[in-house]
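In: Show me the folded form of this:
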Amino acid sequence: MLTLRIPDEEMISIDTKELTITLGRHSTDKLAGLNIQGRDGRFVLPADKRALVSRIQEASFVDTQVDKSIFLSNIRRYK
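Out: Residues are numbered from 1 along each chain as shown. Take a look at the predicted model:
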C-alpha cells in the first residue's frame, strides 16, 4: 500500500472491528518525536534524533506500521 506514497504524506489508517493498522512513509529527518496515532492508541518515536539516525543513515525514507488488535473471548457461566 505504501509503494506509491510520498514520504511525509498523511498516514493511512485501516480500521475494522477487531484491528486497526496505521501505515506511513516518512523522511528520515522527520522521524524524531514522530507521533503515530490509530483509533484508540498511539506510538511516539524517541525525540533524540541521534538514537534513530544512527540505525538508518543510508535510507532516504522509512515505512512505519502500527497494528492494534482486540481479542474478544466468550465467557460462559455454568450453574
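In: hey, where'd the helices end up in this structure?
Out: For the chain, the helices defined by DSSP state H cover 49-53.
In: Can you pull the poorly scored residue ranges out of it?
Out: 39-40, 53-57, 70-79 (pLDDT under 70).
In: Now do the strands in it.
Out: Secondary structure of the chain by DSSP state E: the strands cover 12-15, 19-27, 35-37, 42-44, 61-69.
In: from these, which stretch is densest packed?
Out: Among the strands of the chain, judged by mean count of other C-beta atoms under 10 Å, the one packed with the most neighbours on average is strand 19-27 (a mean of 18). (Each C-beta comes from the backbone N, C-alpha and C, glycine too.)
In: Please list the outside residues in contact with that one.
Out: 1-2, 5-9, 11-14, 34, 36-41, 60-70 (C-beta atoms under 8 Å, 6 or more residues apart in numbering).
In: Relative to residue 4, how far out is the residue nearest the centre of the chain?
Out: In the chain, the residue lying closest to the centroid (C-alpha atoms, centre = their mean) is residue 66, at 3.2 Å. With distances taken as C-beta to C-beta, to the nearest Å, residue 66 is found 20 Å from residue 4.
In: any idea how far residue 64 is from the closest residue to residue 62 other than its chain neighbours?
Out: Leaving aside its sequence neighbours, residue 62 sits nearest to residue 26 (C-beta to C-beta, 6 or more residues apart in numbering; 5.4 Å). Going from residue 26 to residue 64 by C-beta to C-beta gives 6 Å.
In: shared neighbours, these two?
Out: Common contacts of residue 26 and residue 64 (C-beta under 8 Å, 6+ apart): residue 34.
In: related to what we said a few turns ago, quick check: the gap between the residue nearest to the centre of the chain and residue 50.
Out: Residue 66 is 23 Å from residue 50, where distance means C-beta to C-beta.
In: Quick one: end-to-end distance for stretch 10-20.
Out: With C-alpha to C-alpha, to the nearest Å applied, stretch 10-20 spans 16 Å between its terminal residues.
In: can you offset everything so residue one is 621?
Out: I'll keep to 621 as the first residue from here, and by that count the last item is stretch 630-640.
In: Give me the distance between it and the centre of its chain.
Out: Relative to its chain's centre, stretch 630-640 lies at 10 Å (C-alpha atoms, centre = their mean, to the nearest Å).
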